[in-house]
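# Starting from these lines, generate the structure:
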Amino acid sequence: MTNPTRTINLGFTPERFSEGCHMCYIYNDEIERREVMARFIESGVADGEYVFYLVDSMPKAEMQAHLQQMGIHLPPAADERRFDVLQAETTYCPEHAFSPETMLDTLKSLYEQSVADGFAGCRGMGEMTWALRGIPGSERLVEYESRINIVVRTHPLTAICQYDASRFDGATIFNILSVHPMMVVRGQVVKNPYYIPPEEFLARHAVTV
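From the prediction side, this is the model:
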């Protein structure tokens, strides 16, 4: 299922990366965040990937209007299957609770369906503020993030997880850094020196891989 030779354009950096990148974007600049978000989406659509965005901060229509205002060329409404905006909370917590296993299966299915539909690949971007609402299971967020690094070995979707530094506490941010091999920093993608591979991280926290 994997194609290790395929490299992709992330849109906001000239460097190309192997698909299957799992990145965190810890931000405190909303203008920069929206620029990174828009370019990541635009480049995926331009490269023939299926692109999805899990939005938590605004309605779907407002999100699409915002992208158009930024000059991002999106597929016509009749071709929404190439780019879709999904509500983050209902996607992560379809039964009003968060299950890492269920969401990981969702990611696998999104990748498998994109390949079956003839897309070059699959990428997604998610706003993670839904995890601050005390939803049952959200205490397993970092475990979920760590397990994504196992999933992308066989289902190499490319993902950016967005964390608002003004809303998540320092301990959570530190743990989030520990489970993302790559970081987006000021519009550049850098290798994360704090990254701990999933087998080691989950073992430390007494979670079975």
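
# Can you pull the poorly scored residue ranges out of the protein?
Applying pLDDT under 70 to the chain picks out residues 1-4, 73-81, 209.

# all strands of it, in order?
With DSSP state E as the criterion, the chain has strands at 7-9, 16-18, 22-27, 50-55, 83-87, 122-127, 158-164, 182-185, 188-191.

# which one of those lies closest to R147?
Closest of the strands of the chain to R147 is strand 22-27, at 10.3 Å (criterion: Cβ to Cβ). C-beta: built from backbone N, CA, C; applies to glycine.

# Ok, which of the strands of the chain comes nearest F201?
Proximity to F201 (Cβ to Cβ) singles out strand 22-27 among these, at 12.9 Å.

# Skip the chain neighbours and tell me the closest residue to T7.
R16 (4.1 Å; Cβ to Cβ, 6 or more residues apart in numbering).

# show me the contacts for that neighbour.
Going by Cβ atoms under 8 Å, 6 or more residues apart in numbering, R16 touches 7-9.

# Please identify, among those, the one with the most neighbours.
Counting neighbours by other Cβ atoms under 10 Å, I8 leads the contacts of R16 with 20 neighbours.

# For it, name its beta-bridge partners.
F17 (DSSP bridges).

# In contact with it, which residues?
Neighbouring residues of I8 by Cβ under 8 Å, 6+ apart: 16-19, 21, 43-44, 47, 49, 121, 123, 158.

# Redo the residues you listed as CSV? Include distance to L107.
Listed next are those as CSV, based on distance: Cβ to Cβ, whole Å:
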residue, distance to L107
R16, 23
F17, 18
S18, 17
E19, 14
C21, 14
S43, 20
G44, 15
D47, 19
E49, 14
G121, 13
R123, 11
T158, 11
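
# residue boundaries of the helices in the chain?
Here the chain has its helices, by DSSP state H, at 30-46, 60-69, 88-92, 100-116, 141-154, 170-178, 198-204.

# looking at the ones you listed, which is closest to V185?
Among the helices of the chain, if distance is taken as Cβ to Cβ, the winner is helix 30-46, at 10.4 Å.

# Give the buried residues for the closest one.
Neighbour-count burial for helix 30-46 flags 33, 36-45 (criterion: 16 or more other Cβ atoms under 10 Å).
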